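Asker: the following block contains a protein sequence and its predicted model.
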Amino acid sequence: MNHSIHSADRATHLKIVVMALVAGIAVAGFAISARTSTDYSQTARVIKAGKPVVLTSSDTLVVR
C-alpha cells in the first residue's frame, strides 16, 4: 500500500499513467461521439436597415 505518490514504486506510477491515458481517451471518445451530424458551414447573412424609427416616449429609466 502506497499512501503517497512520493513513496510509490515504479509499478504504481505506471498504473497512474495508464489510468490517466485511458481516462483521457474515454473523454475524447465521448466528446467525439456526442457531436451532432449537423452541417457546421458558416454562411453570411445580410441584414438591411429598414425605415428610421422615432422614439417619442419611453418608460425605461435612464441613468447618466
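Answerer: Thanks, I have it. Residues are numbered from 1 along each chain as shown.
Asker: quick one: secondary structure of the residue nearest the centre of the chain?
Answerer: In the chain, the C-alpha nearest the mean C-alpha coordinate belongs to A31, at 10.1 Å (C-alpha atoms, centre = their mean). Classification of A31 by DSSP: H, G, I helix; E, B strand; the rest coil places it in helix.
Asker: distance of it relative to I5?
Answerer: Going from A31 to I5 by C-beta to C-beta, to the nearest Å gives 28 Å. Placement of C-beta: from N, CA and C, glycine included.
Asker: V46: what secondary structure?
Answerer: V46 is classified as coil under three-state DSSP.
Asker: distance of it relative to S4?
Answerer: For V46 relative to S4 (C-beta to C-beta), the value is 63 Å.
Asker: for L21, same thing?
Answerer: Distance from L21 to S4, by C-beta to C-beta: 22 Å.
Asker: between the two, which one's more packed in?
Answerer: L21 (10 against 6; other C-beta atoms under 10 Å).
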